[in-house]
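Novice: What would the 3D arrangement of this be:
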Amino acid sequence: MDNDNIIDIIYGNLGSMTQTDKKIAGVILANPQKAINYTISELATLAAVSEASISRFCKNLSLTGFHHLKIELAKVSDDEATYYDEINIDNIQQALTTIKTNKVAEISHTLDSFKTPTVKKILQVIDQARVLQIAAEGNTFPVVADAVYRFNQIGILAIGTESWETALAQTLNLTERDVLLVISNSGESKALLQQINTAHQRGLQVIAVTNRNDSPIALQADYHLRTAVRQQVLNAEYYFSRVAAMTVTEALFLLLIAEDRQRLSYIQRHENLISTLKV
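Specialist: Numbering: from 1, shown residues only. Alright, predicted model coming up:
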């Protein structure tokens, strides 16, 4: 499991889980501290599934079994930032505090999962790229637009388009001197997988940002950074948050500046040029 937080893993897999696995995940995520003390029979009863389903759930998370699940939960049981807190709209201030707690958890667990050698290599690859192409689908594209703006501000030529067909055409015009950065929540997009395959055929190195280390996109990429998510509505619904993905691009942006302070002059020059448009 590469020392990954089991709560991060469960959240990262929610979007692709079966309904049965989601029931089990829901019980665990509702109170991970209590789940440590459940027997397999108790967990099965609370989730309204069979004991065999619990075993399959563990296997689907690359765990050896129920005992392994309890060990992994025990490792994070004292870390309250690991958990998701439900939002109570009856108390706006409390709801805002809860949202803050959940988003802080996304940011902290995303950055905590980064491995120094991987980050250093990614920074080197981006720094040496002639063109950095950034790709995503659907509601993840605003993260791409923000990243394209930021990287260009510090002198790194970055491109990205909301149209996947156009993005694929752009990839076909790139070479081994360029880099493709793919951002995907599930890491299972067929379109992005095809773009990665095209990029590799063109000799590009590929960086992926997804919620799962074992996602198809993560496995196809040359380098991978995992995001941590804390997203749940009414204990059943699952939706995408851009915070974790944007944390990754923001971190890379800031690290590139820290690596070469001269990049600040690029930002200043750009700000000076656009300042005439401000009131």
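
Novice: C-alpha only now, for contacts and for neighbours.
Specialist: OK.

Novice: who does residue 159 bridge with?
Specialist: Beta-bridge pairing of residue 159 under DSSP bridges involves residue 133.

Novice: Now do the contacts for it.
Specialist: If a contact means CA atoms under 8 Å, 6 or more residues apart in numbering, then residue 159 has 131-134, 148 as its contacts.

Novice: all helices for this protein, in order.
Specialist: Secondary structure of the chain (DSSP state H): helices located at 6-13, 19-30, 32-35, 40-47, 51-60, 66-76, 92-112, 116-128, 141-153, 164-172, 190-201, 216-220, 243-259, 263-274.

Novice: Who are the packing partners of the shortest one?
Specialist: So that's helix 32-35. In this structure, helix 32-35 makes packing contacts with helix 66-76, judged by 3 or more CA pairs under 8 Å, 6 or more residues apart in numbering; DSSP states H and E.

Novice: Tell me which of the helices of the chain sits most buried.
Specialist: With neighbours defined as mean count of other CA atoms under 10 Å, those peak in mean count at helix 6-13, which reaches a mean of 22.

Novice: got the angle between that helix and helix 66-76?
Specialist: In terms of direction (axes from the mean of the first three to the mean of the last three CA atoms, to 10 degrees), helix 6-13 departs from helix 66-76 by 110 degrees.

Novice: any idea of the mean pLDDT in helix 6-13?
Specialist: Summarised as a single mean, pLDDT over helix 6-13 is 85.

Novice: just the CA coordinates of that helix, formatted as CSV?
Specialist: In CSV, the C-alpha atoms belonging to helix 6-13 read as follows (Å, rounded to 0.1, in the frame of the first residue of the first chain):
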residue,chain,number,x,y,z
ILE,A,6,-6.4,3.9,4.2
ILE,A,7,-9.1,6.6,4.5
ASP,A,8,-7.5,8.4,1.5
ILE,A,9,-7.7,5.1,-0.4
ILE,A,10,-11.3,4.5,0.4
TYR,A,11,-12.3,8.0,-0.6
GLY,A,12,-10.3,7.7,-3.8
ASN,A,13,-12.0,4.6,-4.8
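
Novice: and the gap between residue 274 and residue 268?
Specialist: As judged by CA to CA, to the nearest Å, residue 274 and residue 268 stand 10 Å apart.

Novice: what touches both of those two?
Specialist: Residues touching both residue 274 and residue 268 by CA under 8 Å, 6+ apart: none at all.

Novice: Go through the helices of the chain and name the closest to residue 207.
Specialist: Taking CA to CA, helix 116-128 is the member of the helices of the chain nearest to residue 207, at 7.4 Å.

Novice: which other helices and strands contact the closest one?
Specialist: When contacts are defined as 3+ CA pairs under 8 Å, 6+ apart, helix 116-128 packs onto strand 223-226, helix 243-259.

Novice: And the contacts of the last one?
Specialist: I take that to be helix 243-259. In this structure, residues lying in contact with helix 243-259 by CA under 8 Å, 6+ apart are 103, 106-107, 110-111, 123, 127, 143, 147, 150-151, 154, 183, 209-210, 225, 227-229, 263-264.

Novice: And for the first one?
Specialist: For strand 223-226, the external contacting residues (CA under 8 Å, 6+ apart) are 110, 113-114, 118, 122, 206-213, 218, 248.

Novice: and what of stretch 179-199?
Specialist: Outside stretch 179-199, the residues within contact range by CA under 8 Å, 6+ apart are 12-13, 15-16, 125-126, 129-137, 140, 144, 164, 168, 171-172, 174, 204-212, 215-218, 220-221, 240, 245.
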